[in-house]
Each structure stands twice: as C-alpha cells, then as structure tokens.
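>>> Just a sequence and a predicted model for now, questions to come.
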Amino acid sequence: MTSRSEYRIASEDYCPCAVVGCFGGTATASIDPVSEIADIVRDYGLWFDVDAAMAGSAMILPECRWMWEEIEGADSVVINAHNWLGAPFDCSSALK
C-alpha cells in the first residue's frame, strides 16, 4: 500500500465504514497485502474484514499456519468451508 491509497481514503466525498482485503480468493487465489492494509485501516478507525474464501480452509494445516500471522490485524475473517473442507452445500464462516 502506498500513501496514495491513504490519500484516497481521506480525501473522497464518502465515508467508508469498512475495508475488505482478499486472502486467497476463490477465482484466482490472489492475496492482497493484508497486513499493510490493516495498518492503514486501523489509523482511520475502519472495520477490516479479510475474505479468505479459498485460503481460509488451508489455514487448518500446520504448514499453512503462517497465514494466520498475515491476517491477525483483521477485525473479521470469512472462510468458505465448501471450497476445500468438503461441505456438500454453500457454507461460510465469519470469525471475529
């Protein structure tokens, strides 16, 4: 994240209440720099949610525990159990 992103938060004519970062999205498994985003969001007093739809299921594995350190600055995390955990229907968990 750059200071340009911070400038946009502070200068727009809207008042955001939350920011959502992606940590292993379903379509591309892309990962935003969520620890950096968390630092900026905290400065503005906004809620920070991390969408870990795909990677969240992998976080239960010992070799993927490092992922929890990356998202520890989030206020909430969403994990979709139907992606990798074998749920036979759409199933999501929101953790706070």
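The structure has been received and is ready for your questions. Numbering: from 1, shown residues only.
>>> Low-confidence bits of this protein, can you list those?
Where the chain drops to pLDDT under 70, the residues are 1-14, 83, 91, 93, 95-96.
>>> Determine the number of other residues adjacent to residue 88.
By other C-beta atoms under 10 Å, the residues close to residue 88 number 6. In this view, the C-beta of every residue, glycine as well, is placed from N, C-alpha and C.
>>> what's the answer for residue 43, then?
Neighbours of residue 43 using other C-beta under 10 Å come to 11.
>>> Can you list phi and psi of it for me?
phi -60, psi -30 (degrees, to the nearest 10).
>>> where along the chain do the strands fall?
Here the chain has its strands, by DSSP state E, at 18-22, 47-51, 76-80, 92-95.
>>> So which elements touch the first one?
In terms of contacts (3 or more C-beta pairs under 8 Å, 6 or more residues apart in numbering; DSSP states H and E), strand 18-22 is packed against helix 34-43, strand 47-51.
>>> Dump these into a markdown table; add distance to residue 20 as well.
Output for the helices and strands packed on strand 18-22, formatted as a markdown table (distance: least, C-beta to C-beta, whole Å):
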| stretch | distance to residue 20 |
| --- | --- |
| helix 34-43 | 9 |
| strand 47-51 | 5 |
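>>> and the ones you listed, which is most packed in?
Looking across these with neighbours counted as mean count of other C-beta atoms under 10 Å, the highest average goes to strand 47-51: a mean of 21.
>>> Tell me the neighbouring strands of that strand, and mark each as parallel or antiparallel.
Strand 47-51 has the following strand partners under DSSP bridges: strand 18-22 (parallel), strand 76-80 (parallel).
>>> and residue 57, how many neighbours?
Neighbour tally, residue 57, other C-beta under 10 Å: 21.
>>> Find the nearest non-adjacent residue to it, please.
Nearest residue to residue 57 in three dimensions, chain neighbours excluded: residue 84, at 3.7 Å (C-beta to C-beta, 6 or more residues apart in numbering).
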